[in-house]
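Visitor: My questions are about this predicted structure, shown below with the sequence.
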Amino acid sequence: MYEIFFAIAVIFLVIVIYFYRKLQKEVSELVSDKQSILTRHGKSVEQFIPFLKDYPYSKENFRFLGTPIDGMQFENEKVIFVEFKTGESKLSERQERIKKLVEQKKVEFKEFRM
């Protein structure tokens, strides 16, 4: 009698584990899809930020780079590296390194002639 209950319990446990793993995979795919959508949305929105009335600089003096930094703002007295973020997004490791280089004044201007 106990063997039957044990067999039923094992079968039930196997079924639960199967559906748990299947659900876990589906949740992982949904999270990945959500992140992809947020990234695409952020990339679209950042194209318009320099044209918003709250943007503190002249939109005519902004140049898009795309990656690794969104763009550069060229003002009379300075050049500004600009990175737009939406929502809770954070600087990437590469962007953090660039930020530190700028803060440490490890920025140069080179002229190349051909």
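Guide: Thanks, I have the structure now.

Visitor: May I see the buried residues of stretch 73-89?
Guide: 73, 81-84 (16 or more other CB atoms under 10 Å). For the C-beta atoms, the positions are set from N, CA and C on the backbone; glycine is no exception.

Visitor: Against Ile11, how distant is Phe5?
Guide: 11 Å (CB to CB, to the nearest Å).

Visitor: In which helix or strand does Phe81 reside?
Guide: strand 79-82 (DSSP states H and E).

Visitor: contacting residues around Glu75?
Guide: 57-58, 61 (CB atoms under 8 Å, 6 or more residues apart in numbering).

Visitor: quick one: terminal-to-terminal distance for stretch 68-82?
Guide: 10 Å (CA to CA, to the nearest Å).

Visitor: quick one: average confidence on the host helix or strand of Tyr18?
Guide: Element membership of Tyr18, judged by DSSP H and E, is helix 2-46. Average pLDDT, helix 2-46: 84.

Visitor: rewinding a little: which strands or helices does the strand holding Phe81 pack on?
Guide: strand 71-74, helix 93-103 (3 or more CB pairs under 8 Å, 6 or more residues apart in numbering; DSSP states H and E).
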